[in-house]
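S.K.: sequence first, predicted model second:
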Amino acid sequence: MKKVGIYIHIPFCKQKCYYCDFISYCNKDYLICDYVKCLKTELKEVANVIKYNCKYNNSEPVVIDTIYIGGGTPSYIDSKYIKEIMETINKSYELDLEEATIEVNPKTVDELKLKTYKEAGINRLSIGMQETKDEILKKIGRIHTYSDFLKTYRIARKIGFDNINIDIMIGLPNQKLEDVKDTINKVIELNPEHISLYSLILEENTKLYELVKNKEITLETDEIERRMYHSARKNLNRNGYKQYEISNFSKKGYESKHNLNCWNQNEYIGFGVASHSYTDNIRYSNIESIEQYIENYKQNKQENNIIFHEKQNEQSKMMEYIMLNLRKIKGINICEFKKVFKDDVMNIFGEKISKLHNQKLIKISRSNIALTIKGLDLANIVWQEFV
Ligand code: SF4
């Protein structure tokens, strides 16, 4: 029995945040209904392929253990669509569900929507809060205020969500170290089960990029951004939020199972535009154009929605395994590596690992190889060794 995760991409938002380069649309609401129809078809068709392969090609049976509905802003669309998507998954797949997450953004969600999610089987919320200072939220084009976030959080608790993640961003325009400290303290007080801490990445083709380029906005230096990260990291660790990945912290037992599966190089299937999949050592994705995605379904040419990325060989699979596992604070489990690849990690990557160790970017113990504190800041240099 093979455990596989499902990712569903809902690419609609009320407004484009200034820093965002995700595949998300804020002016294509007229496509929502058609898009969800295609999503449901895609879910059913993939389920049929899995069943067929199992029956006629002796493939291992598949059971779904995690669902992640991300975006975009999944909470922006009518919750009846989320319910339909969950029902389709329930009817089409064998489930042994450990976690079903939906991303929600304050100001796009109300009590009724949250209740619908709960009834549909969603047991984890990921709320995009980012900051507690309204002035900073406005600077990055978020549509909500801190009090909108608090309202969403309290309703979620009231109706019984007992597994909630809060997203926080650092390195934002006008954000000072003191602001980050204040945000972290306020979030700790709220007592969520999980906290994600993301650094702002200035992407080309975003409004923020233009604003910074035209010197209308200045960002803090990398050095101060790193101080924000480490101050937040220490405070979270001190307060019972154990860091288990570069950007993720949780109370014991509340690590994101869906994301951990990805970092453990387990399989997942993505549905909807721009979603990525990893099955049978093959990485592939769906196309990014929502119009084309829908059109291909209308013309019964949905195979054109798929873009093949790579079929991994043993070497590329090992390299990727190293990179993914090094994202985790525990790092690579040396025994586990040997079990999967039938060889010792030091036999294969000894030279690279020693080099990174000499640079003090990774630490090596009897059981694990993991990033050092310095490595957390310079993880890109570590990844470069394994691409
Ligand atoms: S809500 Fe998320 S996906 Fe939508 S524009 Fe903002 S950052 Fe991008």
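M.R.: Done, it's in. Numbering: from 1, shown residues only.

S.K.: ok, I82 - contacts?
M.R.: Contact partners of I82, counting by C-beta atoms under 8 Å, 6 or more residues apart in numbering, are 69, 74, 102, 116-117, 120, 122. All C-beta spots, glycine's among them, are computed from the backbone N, C-alpha and C.

S.K.: of these - the most surrounded one?
M.R.: P74 (30 neighbours; other C-beta atoms under 10 Å).

S.K.: name the nearest residue to that residue, sequence neighbours excluded.
M.R.: I10 (4.1 Å; C-beta to C-beta, 6 or more residues apart in numbering).

S.K.: likewise N185?
M.R.: Once flanking residues are discounted, N185 sits nearest to N235: 7.3 Å by C-beta to C-beta, 6+ apart.

S.K.: name the single longest helix found in the protein.
M.R.: If you go by DSSP state H, the chain has its longest helix at helix 32-56.

S.K.: and that one, what does it pack onto?
M.R.: helix 79-92, strand 267-271, helix 290-298 (3 or more C-beta pairs under 8 Å, 6 or more residues apart in numbering; DSSP states H and E).

S.K.: any idea which helix or strand comes after the last one?
M.R.: Proceeding N to C from helix 290-298, the next assigned helix or strand is strand 306-311, under DSSP states H and E.

S.K.: which neighbours does that next one have in its sheet, and in what orientation?
M.R.: Sheet pairing here is set by DSSP bridges, and for strand 306-311 it gives strand 282-286 (antiparallel).

S.K.: how about the residue of the stretch 251-387 of the chain found nearest the ligand, what does it touch?
M.R.: Residue nearest to the ligand within the stretch 251-387 of the chain: A274 (11.2 Å; C-beta to the nearest ligand atom). By C-beta under 8 Å, 6+ apart, the residues touching A274 are 9, 11, 23, 285-288.

S.K.: list phi and psi for T73.
M.R.: When quoted as degrees, to the nearest 10, the phi and psi of T73 stand at phi -130, psi 90.

S.K.: and it, how many neighbours does it have?
M.R.: 24.

S.K.: what distance do you get for it to Y30?
M.R.: 17 Å (C-beta to C-beta, to the nearest Å).

S.K.: mind listing what the residue nearest to the spatial centre of the chain touches?
M.R.: Centroid-nearest residue in the chain: N259, 6.3 Å away (criterion: C-alpha atoms, centre = their mean). Taking C-beta under 8 Å, 6+ apart, we find N259 in contact with 68, 245, 248.
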